[in-house]
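Participant: could you look at this predicted model? Sequence included:
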Amino acid sequence: MKNSDLLKEVVNNLEQDRESLRIKKLIVCVCQGVWENDTNKLSNLDFPTCIEELQAKNSTLEELKISLYNVVKTLNKPQQYAAIAKTIYSNVGRLYSNVPKSNQPQERSQLNSNPGNDPTAPVEYATQGSFNSQKHQSTSPNRRAYDKFDLRLEVMNYTNPLRAKILLFSTLNYPFDFSNQDWSSLKAQELDDLLKKLFRTCKTLTDLESQLYNTASILNDPDENTKAANAIIQSLKPFYVTVKADGKPGQAFVGNADEEMITRANNAEGLTLDRVGGKNEDDDNTCQVL
Amino acid sequence: MILDRIIIKRQRFKRIIEEFQVKYMDANELLGRYAAGKKEFTGVNLGLANLFGADLIGVVLIEADLHGANLVFAYLNRAKLFKANLTSAKLSGINLSQADLRDAKLHDADLHGAMLQGADLQGADISLANLLDANLMSAVLRNVNLNGANLTGACLRGANLREEKRVYNSTLRGAKMRKADLRGANFAGADLSKADLRGANLNQANLRGADLSGSNLSGANLSGVLLSDANLNDVFLCDANLNNAKLERVLLVGADLTGVNLEGALMSDTKLNQAKLIKANLRSARLNRADLSRANLRECDLSEADLVDAYLARADLGGANLTNANLIRAELSSANLLGANMSGATMPDGRVVS
């Protein structure tokens, strides 16, 4: 496909998208650092200009992903905008020359043959285009298999294992108070079991972050505990994968996304969760909280 | 002259007093002196001291007595604890990364979730210590005593437990190492008899000549592991993964290998008499000269396997898959081959089954 045809197709996809206004809003924010709430202004903007500006600001696919991600995480509806960002990324990303051309049709065929409500199907796509799985996004089109050894290793590499355990225990149960009873309870549980439990409890990355940071702030030595929280979040991040709901490129997260849907891939550990975000509610109050 | 002698005597007395004060200082004094820039506390007596969360990075506590001391969450990175007595000390969450703990006494110490990466523990007594979820990555553990220690969930990735001159070897008899991360660790010549290694990850580990007799390795990952000359008599290896492992001359007498994956494993000259290999995957395994007498090989997959000169006296191969296996000169006369698939197999006399 010629570049101009591809651009047309991308523009068309974005224009046809039910969330085209939000898409523009996010692109404007990424390019100009302004959260534009004026619907008229947004309507007057044309997609080719927006895309051109977006590409000019982000010379590589990686840069595009990071720019989008950095804005999304500052919004007060990050889940919904992660979905929007995903749409932009999966469409505009096609215009970057470093994306193997064969990837796009392959993605499409995978998606079209896999309905969005299939618990196992869209994970490959999700991993490739996910904002949350930064590590593996550009390296492998396959889902990162859950490996409790690698996860534990990563946590241990960046924090004190006992600190991590206390934080996890306190998040899952009640604040650890260093009593003999609490020590006994903690010794009866292993680090990877606690990680697994918390992962199963927190449905989204945002949920995980807020729970861990909240707990860290109420424990003694909040600095050390926040460090542990960061290490746990970074280690678990690749397993929070955002996926499309309807399986059609260009309409990600909006088709039937009235509620957050969590599907579980039945891999060996049953731990790779596919997160479908995107509450289709009015977002007038959405603002950047930089 | 008399005055000189008095001065010398006074100085000696002062020194003795100082030494006494240093030796029997309390925790606050130690912390105060350390904060003032002093790091040398060799031989100090701080038994049962409370040093919770203390920052003592790089402190020199050679031969210090810290038995029963509370050092939970303390920072002792790169500390010198050579021959220190830390028996029954509370060391949960302590940071001892790159510390010198050679010949230290850590018997019965609580090292729950401790950080010991890169620490030198050569010759240390860590028997019956609790190392649950501890970080021992790349630690030097040669000639250590870890008998009965709890290493459940611990990470010993790349740790060195290799025997020295075939005399000084690490002992981990009866150690609890369930779900431990032992990838790439070197256990050559170590004594791991009766250890609990269920679900442990030993991928690419070196266990050459190790004693694993009576240990439980059920569900463990031993893919690509080096086990040559090891003793695995009476071991439990049910459902373990030994894909492409090297097991030459290994003793596996009476071992339970039900459902084990030994695909492509090198197993020449192994002793597998009376071993249970029911439903095992031995595809393309090299079992030349292996002793499989009285072994239970029911329904196991031996397709493409090499069994040249193998000894299969009274072995039970009922329902086994021997497709394209090489059985040249193998002793099969008393084996049970009822229901076995022999198509394409080369029989002991060189005849190929059509």
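Facilitator: Structure received.
Participant: so residue A:206 sits against residue A:77, correct?
Facilitator: No: the pair residue A:206 / residue A:77 is not scored as a contact, 9.8 Å apart, by C-beta atoms under 8 Å. The C-beta positions use only the backbone N, C-alpha and C, and glycine is treated the same way.
Participant: what's the burial count for whichever residue of the stretch 101-250 of chain B sits closest to chain A?
Facilitator: Closest approach between the stretch 101-250 of chain B and chain A, counting by C-beta to the nearest C-beta: residue B:113, at 2.8 Å. By other C-beta atoms under 10 Å in any protein chain shown, the residues close to residue B:113 number 30.
Participant: roughly how far apart are it and residue A:161?
Facilitator: 4 Å (C-beta to C-beta, to the nearest Å).
Participant: quick check: phi and psi at the residue in the stretch 251-354 of chain B that chain A sits nearest to.
Facilitator: In the stretch 251-354 of chain B, the residue that lies nearest chain A is residue B:261 (14.6 Å; C-beta to the nearest C-beta). Dihedral angles of residue B:261 (phi, psi; degrees, to the nearest 10) stand at phi -100, psi 110.
Participant: pLDDT score for it?
Facilitator: If you check residue B:261, the pLDDT there is 98.
Participant: quick one on the thing from earlier: what sits in contact with each of residue B:113 and residue A:161?
Facilitator: Shared contacts of residue B:113 and residue A:161 (C-beta atoms under 8 Å, 6 or more residues apart in numbering or on different chains): A:191, B:93, B:133, B:134.
Participant: secondary structure and neighbour count for the residues you listed - can I get that in JSON lines?
Facilitator: What follows is these, written out as JSON lines (DSSP: H, G, I helix; E, B strand; the rest coil; neighbours: other C-beta atoms under 10 Å in any protein chain shown):
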{"residue": "A:191", "secondary structure": "helix", "neighbour count": "26"}
{"residue": "B:93", "secondary structure": "coil", "neighbour count": "27"}
{"residue": "B:133", "secondary structure": "coil", "neighbour count": "33"}
{"residue": "B:134", "secondary structure": "coil", "neighbour count": "34"}
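Participant: closest to residue A:225 among those?
Facilitator: When these are compared for distance to residue A:225 (C-beta to C-beta), residue B:93 wins out at 12.1 Å.
Participant: close to chain A: what parts of the stretch 101-250 of chain B are there?
Facilitator: Residues of the stretch 101-250 of chain B that fall close to chain A, judged by C-beta under 8 Å from any C-beta of the partner chain: B:112-115, B:130, B:132-135, B:137, B:152-153, B:155, B:157, B:179, B:181, B:183, B:201.
Participant: what's the closest non-adjacent residue to the one residue in chain A that gets nearest to chain B?
Facilitator: The minimum distance from chain A to chain B, using C-beta to the nearest C-beta, falls at residue A:162 (2.8 Å). In space, and not counting its chain neighbours, residue A:162 is closest to residue B:113: 2.8 Å by C-beta to C-beta, 6 or more residues apart in numbering or on different chains.
Participant: verify the stated contact: that neighbour with residue B:132.
Facilitator: Yes: if you go by C-beta under 8 Å, residue B:113 and residue B:132 touch, sitting 7.0 Å apart.
Participant: is the nearest residue to residue A:209 once chain neighbours are set aside part of a helix or strand, or is it coil?
Facilitator: In space, and not counting its chain neighbours, residue A:209 is closest to residue A:233: 5.7 Å by C-beta to C-beta, 6+ apart. Under DSSP: H, G, I helix; E, B strand; the rest coil, the three-state class of residue A:233 is helix.
Participant: now swap in the one 4 residues further on and tell me
Facilitator: Secondary structure, three-state DSSP: residue A:237 is helix.
Participant: and for it, the neighbour number?
Facilitator: 18.
Participant: if we can go back for a sec, and the residue of the stretch 101-250 of chain B closest to chain A, that one's in a strand?
Facilitator: No: per three-state DSSP, residue B:113 lies outside any strand segment and is coil.
Participant: separation between it and residue A:202?
Facilitator: From residue B:113 to residue A:202 the distance is 22 Å (C-beta to C-beta).
Participant: quick one: the helices in chain B?
Facilitator: B:2-23, B:27-35 (DSSP state H).
Participant: so how far is stretch B:198-208 from its chain's centroid?
Facilitator: Centroid separation for stretch B:198-208 versus its chain: 9 Å, with C-alpha atoms, centre = their mean, to the nearest Å.
Participant: what do you get for stretch B:60-67?
Facilitator: In terms of C-alpha atoms, centre = their mean, the centre of stretch B:60-67 is found 27 Å from the chain centre.
Participant: now do stretch B:305-315
Facilitator: 32 Å.
Participant: try stretch B:214-230
Facilitator: Offset of stretch B:214-230 from its chain centre (C-alpha atoms, centre = their mean): 11 Å.
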